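[1] Have a look; sequence and predicted model below, questions after that.
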Amino acid sequence: MSDAPLSLALGEDYPEIRAEVAKICAGFPGGYWRELEEAQGYPDAFVRALTESGYLGALIPEEYGGAGLPLRAGVVILETIHREGCNAGACHAQMYIMGTLLRHGSPEQKQRYLPDIAAGRLRLQAFGVTEPTSGSDTPALKTRAIRQGDRYVVHGQKVWTSRALASDMMLLLARTTPLDQVKRRSDGLSVFLVDLRESQGKGVDIRPLRAMINHNTTEVFFDGLEVPAANLIGEEGRGFRYILDGMNAERILLSGEAIGDARWFLKTASAYARERQVFGRPIGQNQGIQFPLARAHAETEAADLVARRAAALFDAGEDCGADANMAKLLASEASWHAAEACMQTFGGFGFAREYDVERKWRETRLFQTAPISTNLVLAHIAQHVLGLPKSY
């Protein structure tokens, strides 16, 4: 790590972006999301509005048609979406998946795909990593990609692959060298770009996986899928290293979403607590209502500072693994505590769909588990920050 000091912007940084994204979100109120959930639908109109405004291409360099903004700007975009009561789960993956292509793809691959992604002509929204038997133990994944001439043949299965049915392309992590033939478990994994438009019914079967929230998630089966060797990103066998940066970016970006959720809960609960009268006075006058909200606010502000530091380290090209994990941990805890406080403040009305509290409550619970579970974050901090023996 460099000894050069990093500067952090405090307060409402990127105010123009915040204002414009909030304006877009105003066109997609709670009723829009409730109807989508009833139909298990994908928010095409919302994603299209963000794409046409350039926000989904914000992190793509200008030379490829994007805005060339730093990761912190992406965090602000996603935080604002969630603070305004919307959900970025339908489109956030493009921001961090694109990074693997940008940093490790060939000039030809970047020129072929990035301009179309920036313009919204191509959706790169699916990230095929997690498998039913390996879970968070990524090096243990079973999906195999075997080189045969000028292509790879893929067999295996992925699960919790969100947006695969709404994406044109997938970033796929598969094992190209058997686990028993590598020195380190993380060796022998490779990253591929899979064109889902051409592949469905030709070695790819995508099945919807209904869940507690409308995250458009799926399970994906590969049975003899042929992927051109030209779609290999970087060197064969180094794929795990390539996706690590993407995972750090993912954790930092999603910490912004959790912080946005927390601020939505705090704003919503505080407004209700000021107006709701019980026993002849506002319920917000009671410390039983005040204290959980006040504590959640303090936790949210602390999480925001760590998330800003993590983004600053990432944008400076410094080691940000510990901060990315801590940002995700603190933000997910803050959002969940704010959600619980909001639900308690609303009482029985919190369960009524028309208030959107129960929807947001279910959605923000995901951050305790994904993109990495709380216990794995704690294990990472214990081992890599505190120097304790590896526990798993």
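    Nice, I can see it. What you see is a predicted model; the values in this text were computed from it and never measured.
[2] contacting residues for Pro292?
    337, 340-341, 344 (Cβ atoms under 8 Å, 6 or more residues apart in numbering). Yep, even glycine has a C-beta here, placed from its N, CA and C like the rest.
[3] doesn't it fall inside a helix?
    Yes - assessed with DSSP: H, G, I helix; E, B strand; the rest coil, Pro292 lies in a helix.
[4] What subset of the contacts of Pro292 is buried?
    Among those, those buried by neighbour count (16 or more other Cβ atoms under 10 Å) are 337, 340-341.
[5] Identify each buried residue in stretch 150-163, please.
    151-163.
[6] actually stretch 228-247, not the one I typed
    231-234, 236-240, 242-243, 245-247.
[7] was I right about Gly234 contacting Leu102?
    No - counting by Cβ atoms under 8 Å, Gly234 stays clear of Leu102, with 11.7 Å between them.
[8] just to revisit the earlier point, need the worst-confidence member of the buried residues of stretch 228-247.
    Of all the buried residues of stretch 228-247, Asp245 has the smallest pLDDT value, namely 77.
[9] Surely that residue and Met98 touch.
    No - the pair Asp245 / Met98 is not scored as a contact, 11.5 Å apart, by Cβ under 8 Å.
[10] Tell me how many other residues surround Glu275.
    10 (other Cβ atoms under 10 Å).
[11] Now it: closest residue in space that isn't a chain neighbour?
    Nearest non-adjacent residue to Glu275, counting by Cβ to Cβ, 6 or more residues apart in numbering: Pro282, 7.0 Å away.
[12] Then Ser136?
    Nearest one to Ser136, counting by Cβ to Cβ, 6+ apart, is Leu376 at 5.7 Å.
[13] now that we're looking at the one you found, how far away is Gln383 from it?
    11 Å (Cβ to Cβ, to the nearest Å).
[14] for Ala45, same thing?
    Separation of Ala45 from Gln383 (Cβ to Cβ): 44 Å.
[15] for Glu354, same thing?
    46 Å.
[16] Look at those two and report which has more neighbours.
    Taking neighbours as other Cβ under 10 Å, Glu354 and Gln383 compare with Gln383 leading, 14 against 10.
[17] where does that one land in three-state SS?
    Gln383 - assigned by three-state DSSP - is helix.
[18] Pull the residues that contact stretch 271-288.
    The contact list for stretch 271-288, computed with Cβ under 8 Å, 6+ apart, reads 270, 289-290, 293, 345-346.
[19] Out of those, give me the one that has the most neighbours.
    Using other Cβ under 10 Å as the neighbour test, those are led by Thr345, with 27 neighbours.
[20] Can you give me the buried ones in the helix or strand harbouring it?
    Thr345 is located in helix 321-346, with elements delineated by DSSP states H and E. Applying a neighbour-count criterion of 16+ other Cβ under 10 Å, one finds 321-343, 345-346 buried in helix 321-346.
[21] And for stretch 283-302?
    Using 16+ other Cβ under 10 Å as the test for burial, stretch 283-302 gives 283-284, 289-290, 292-293, 296-297, 299-300.
[22] Around Pro178, count how many other residues there are.
    9.
[23] thought it was touching Arg185?
    No - Pro178 lies out of contact with Arg185 (Cβ under 8 Å); the separation is 11.5 Å.
[24] Grab the nearest non-local neighbour of Cys91.
    Val47 (4.8 Å).
[25] Check Gln344 too.
    Computed as Cβ to Cβ, 6+ apart, the closest residue to Gln344 that is not its neighbour in sequence is Pro292, at 6.8 Å.
[26] Distance check, the one you found against Ala382.
    Note on Pro292: its distance to Ala382, by Cβ to Cβ, is 28 Å.
[27] residue boundaries of the helices in the stretch 51-200 of the chain?
    Applying DSSP state H, counting those that start in this stretch to the stretch 51-200 of the chain gives helices spanning 71-83, 93-104, 107-119, 196-199.
[28] for the stretch 201-350 of the chain, that is, sorry about that
    Using DSSP H, counting those that start in this stretch, helices in the stretch 201-350 of the chain cover 239-275, 287-315, 321-346.
[29] Turn the ones you listed into TSV, columns for distance to Arg123.
    Shown next, in TSV, are the helices of the stretch 201-350 of the chain (distance: least, Cβ to Cβ, whole Å):
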stretch	distance to Arg123
helix 239-275	17
helix 287-315	24
helix 321-346	25
